[in-house]
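The following block contains a protein sequence and its predicted model.
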Amino acid sequence: MNRPVPNPGVLDIAPYTPGKSPVPEPGRKVFKLSANETPFGPSPKAIAAYKRAAEHLEDYPEGTSRVLRQAIGRAFGLDPDRIICGAGSDEILNLLAHTYLCGGCEAISTAHGFLVYPIATMANCARNVVAAESNFTADVDSILRAVTPRTKIVWLANPNNPTGTYLPFDEVKRLRAGLPSQVLLVLDAAYSDYVSRNDYEMGIELVATTDNTVMTHTFSKIHGLAALRIGWMFGSAHIVDAVNRVRGPFNVSTPAMLAAVAALEDTAHQEMSRTHTEKWRNWLSEEIRKLGLEVTPSVANFVLIHFPAEKGRTSDEADAFLAKRGLVLRALKNYQLPHALRMTIGTEEANRLVVEGLRDFMAGSKP
Ligand SMILES: *Cc1c(COP(=O)(O)O)cnc(C)c1O
């Protein structure tokens with residue numbers, strides 16, 4: 001039979017499974033802790049800007065996201081001409097893959113890396129090469145060993161989702177120095193706002209000092225604008241020039257752009273979220289470990305909880321147990337983590353309910 005055939009690799013892509021979005025049962029409070037969304041929502045100023053933008057929906061957006069690039073430039077001390085905005089950082093990652101990958105190319109991601117990377121790679125007919133991690137953390141030597149003459153991109157989320165681990169700046173620099181200069185290193189800093197380690201750098205310095213590194217960032221996490229789909233990248237002029245040729249001319253909507261500008265300016269809102277996250281990340285890690293479960297040390301707004309394989313204690317059973325109490329976590333089978341659950345740090349109420357739920361689960365109580 002003759003029919004249209006997708007490009008090589010496309011049907012090898014495992015469809016992306018997003019975090020469950022529960023429909024609350026009447027009378028039961030549901031806490032969605034499965035998609036790393038902020039429990040605080042966006043800045044009220046961002047919501048106001050979004051509503052103002054509703055007055056002119058008949059106009060096309062300004063095609064280069066100029067006001068947002070300028071605002072990002074002010075916030076991070078960057079040249080706006082070296083920034084590109086996109087419909088979420090997902091679009092940016094896909095634009096990078098479109099621009100630099102093709103059949104016969106390879107791109108490297110890590111064993112428990114963000115799943116958008118292999119999707120973007122395989123959607124562009126390139127081969128996804130997986131580098132082993134150690135202790136649920138990207139391993140520079142294993143990435144370097146995976147490099148071949150066909151390698152075009154290395155994808156690295158720093159910190160990584162779903163593990164919550166990070167590479168110190170020294171290690172990222174060692175990675176860059178060990179990669180051939182024609183390999184594009186993509187540093188995805190989606191969770192950088194939550195990191196409070198002084199050996200961490202989000203990638204700006206490396207982008208500024210090399211011409212083969214880009215950093216991507218998002219408004220979906222600490223800024224709470226996931227629904228608007230808005231992200232950005234910072235890169236060398238030649239990369240920005242190439243990606244801009246591939247980018248759709250109106251890829252970012254005006255309401256998203258204006259809400260993001262207002263969100264960036266509300267530093268108090270960001271600080272509040274950062275402080276809350278750090279406090280409850282420490283508390284959750286400690287309390288969950290006290291129950292006899294392993295928690296991978298996290299620097300992001302979520303924690304990775306490991307369960308034993310023994311019946312009655314498995315991650316599947318824990319997931320079902322917590323779900324009955326309206327606590328929705330993320331199972332990670334498609335991340336090669338069959339015995340772990342990822343929990344987004346929530347409100348104090350949600351965090352306490354999860355620990356209580358896990359305590360009851362480990363004690364063998366009824367949900
Ligand atoms: C959430 C997340 C993003 C953000 O994606 P958007 O498309 O900007 O919403 C990017 N990278 C990682 C690793 C993430 O977890």
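Good, I have the coordinates. Numbers count the residues shown, from 1 in each chain.

pretty sure residue 258 contacts residue 47?
No - with contacts defined as C-beta atoms under 8 Å, residue 258 does not count as touching residue 47, sitting 10.9 Å away. From N, CA and C alone the C-beta is placed, and that goes for glycine too.

which outside residues touch the strand or helix carrying residue 277?
Assigning secondary structure by DSSP states H and E places residue 277 in helix 267-290. Outside of helix 267-290, the residues that reach it under the criterion C-beta atoms under 8 Å, 6 or more residues apart in numbering are 38, 40, 42-43, 45, 193-194, 196, 222-224, 263, 295, 297-298, 301, 303, 305, 343, 345-346, 348, 351, 354-355, 358.

taking those one by one, which sit in helices?
Here DSSP state H is the test, and the contacts of helix 267-290 give 45, 263, 348, 351, 354-355, 358 as lying in helices.

In PyMOL, select just the buried ones from the contacts of helix 267-290.
Once 16 or more other C-beta atoms under 10 Å is used to decide burial, the buried members of those can be selected in PyMOL as follows:
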select buried, resi 38+42+43+45+193+194+222+223+224+263+295+298+301+303+305+343+345+346+351+354+355+358
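
Strands - which of the contacts of helix 267-290 land there?
295, 303, 305, 343 (DSSP state E).

tally of neighbours for the residue of the stretch 51-200 of the chain found nearest the ligand?
Among the residues of the stretch 51-200 of the chain, residue 88 lies nearest to the ligand; the distance is 2.6 Å by C-beta to the nearest ligand atom. A total of 23 residues lie near residue 88 under the criterion other C-beta atoms under 10 Å.

and the nearest residue to it once chain neighbours are set aside, backbone torsions?
Using C-beta to C-beta, 6 or more residues apart in numbering and skipping residues adjacent in sequence, the residue nearest residue 88 is residue 229, 4.2 Å away. Here is the backbone geometry of residue 229 (degrees, to the nearest 10): phi 60, psi 80.

gap between residue 229 and residue 257?
According to C-beta to C-beta, to the nearest Å, residue 229 and residue 257 sit 11 Å apart.

just residue 185 next, same as before
Using C-beta to C-beta, residue 185 is found at 28 Å from residue 257.

Check residue 337 too.
36 Å.

before we move on, the earlier item: and the helix holding residue 277, which residues are buried?
For helix 267-290, the buried set under the neighbour-count rule, 16+ other C-beta under 10 Å, comprises 269-270, 273-274, 276-278, 280-281, 284-285, 287-288.

before we move on, what about stretch 141-159?
Within stretch 141-159, judged by 16+ other C-beta under 10 Å, the buried ones are 142-144, 146-147, 151-159.

Keep only these that also lie close to the ligand.
Under the cut-off given by C-beta under 6 Å from any ligand atom, the ligand has residue 157 from the buried residues of stretch 141-159 close to it.

got the buried residues of stretch 141-159 as JSON lines, with pLDDT columns?
As requested, the buried residues of stretch 141-159 are arranged in JSON lines below (pLDDT from 0 to 100):
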{"residue": "142", "pLDDT": "98"}
{"residue": "143", "pLDDT": "98"}
{"residue": "144", "pLDDT": "98"}
{"residue": "146", "pLDDT": "98"}
{"residue": "147", "pLDDT": "98"}
{"residue": "151", "pLDDT": "98"}
{"residue": "152", "pLDDT": "98"}
{"residue": "153", "pLDDT": "98"}
{"residue": "154", "pLDDT": "98"}
{"residue": "155", "pLDDT": "98"}
{"residue": "156", "pLDDT": "98"}
{"residue": "157", "pLDDT": "98"}
{"residue": "158", "pLDDT": "98"}
{"residue": "159", "pLDDT": "98"}
